[in-house]
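Chemist: Sharing a sequence plus its predicted fold:
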Amino acid sequence: MSEYTELSPENSLKLSQLIKKLFDKKDSVHFRQPVDYLKLGLFDYPKVIKKMMDLKQVKESLNDDQYESVEDCLADIQLIWDNCKIYNTEDSTIYKMAESMENHTAKLIVEYFGQVKKTLKPFVAIKPKEPEPEQSVK
């Protein structure tokens, strides 16, 4: 049994609906598109945030079958909120919007999936352990 939730057509549809609900929430306005850090004058943004993510990219990745599991998609959604909270101060409006979206996401996950097998899948692929050679019993 896999330790991740299969991205079946049914689960893909649920994720699409979950993402649509995130897009529809007023607080998602700054998370729908990539951060235009140059226009915003946030020149250190790429140094601080190593993997940029936004709802549009998550939606496109889901539509292009880029995710192997439900958890992969949910990890990218969580990354949006984490990136915002890493870059911005706790007292900022955008930080509070990220917290609001994070809480909304958690409620939607329960609504659509009840429980998933793992909340986050590691971003670094781990090479499978080589099976040990069989030892003969003498």
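Modeler: Sure thing, it's come through.

Chemist: Contact partners for the spatially most central residue of the chain?
Modeler: In the chain, the residue lying closest to the centroid (C-alpha atoms, centre = their mean) is residue 76, at 1.9 Å. When contacts are counted by C-beta atoms under 8 Å, 6 or more residues apart in numbering, residue 76 touches 53, 57, 58, 61, 67. Any C-beta I mention is one placed from the backbone N, CA and C, and that applies to glycine too.

Chemist: name the element it belongs to?
Modeler: With elements taken from DSSP states H and E, the one containing residue 76 is helix 70-87.

Chemist: With residue 62 instead?
Modeler: Using DSSP H and E, residue 62 maps to helix 55-63.

Chemist: returning to that earlier point: and the residue nearest to the centre of the chain, how far is that from residue 91?
Modeler: Residue 76 sits 27 Å away from residue 91, going by C-beta to C-beta, to the nearest Å.

Chemist: again with residue 113
Modeler: Using C-beta to C-beta, one gets 33 Å for the distance from residue 113 to residue 91.
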